[in-house]
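Trainee: Here you go, sequence then predicted model.
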Amino acid sequence: MKDMTRVSTRALFVILVVGGGLVIGFLTAPGQWYAALTKPPFNPPDWVFAPIWTLLYVLIAIAGWRTFERDRGGWPMKLWVLQLGLNFLWSPVFFAAHLMGLALAIVLLLLMTILFFIALSWRQDPPRAWLFVPYAIWVAFASLLNASLLLLNRP
């Protein structure tokens, strides 16, 4: 019975994170506004984002269930929940509300939360920390991209 509960918990994390990310991505897909923005030369092609985010969401889910199974009331779990909320908030703020400045603040707070999660996880569960390293790298890049788009498209 305990193994079944663990499998259910793991499935729930994958569904929550990957499913939530896909739904938000679908509901706030970049449209004409984003297409019309002046982009920096390092802006990746649009097709790159979906596979990268899908892989990152799987890694985030795995780190989440590892955290939940180890210490569901501790600081790493609180940071994991916070980062997911910030992650899911960024797309509606950037793509739907077109608030690039607020989106930049959100993505920088997300990056700090990810780095704190890694630091707290490093001693307790190194694999959990490593699962967030690609995420930190991508969000650092996304922060740079968000800042560049803001600067290049000021009225």
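Mentor: Yes, it's here.
Trainee: Pull up the distance across stretch 12-32, start to finish.
Mentor: Distance between the two ends of stretch 12-32: 34 Å, counting by C-alpha to C-alpha, to the nearest Å.
Trainee: From the centroid of the chain, which residue is nearest?
Mentor: Centroid-nearest residue in the chain: Asn87, 4.2 Å away (criterion: C-alpha atoms, centre = their mean).
Trainee: show me what contacts that one?
Mentor: Neighbour list for Asn87: Gly21, Ile60, Leu110 [criterion: C-beta atoms under 8 Å, 6 or more residues apart in numbering]. (C-beta placed from N, C-alpha, C; glycine too.)
Trainee: Dump the residues you listed to a markdown table, plus neighbour count.
Mentor: Shown next, in a markdown table, are the contacts of Asn87 (neighbours: other C-beta atoms under 10 Å):
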| residue | neighbour count |
| --- | --- |
| Gly21 | 22 |
| Ile60 | 26 |
| Leu110 | 23 |
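Trainee: about what we covered before: now the residue nearest to the centre of the chain: how far from Val17?
Mentor: Distance from Asn87 to Val17, counting by C-beta to C-beta, to the nearest Å: 9 Å.
Trainee: related to what we said a few turns ago, what's the helix or strand for the residue nearest to the centre of the chain?
Mentor: Assigned by DSSP states H and E, Asn87 belongs to helix 75-91.
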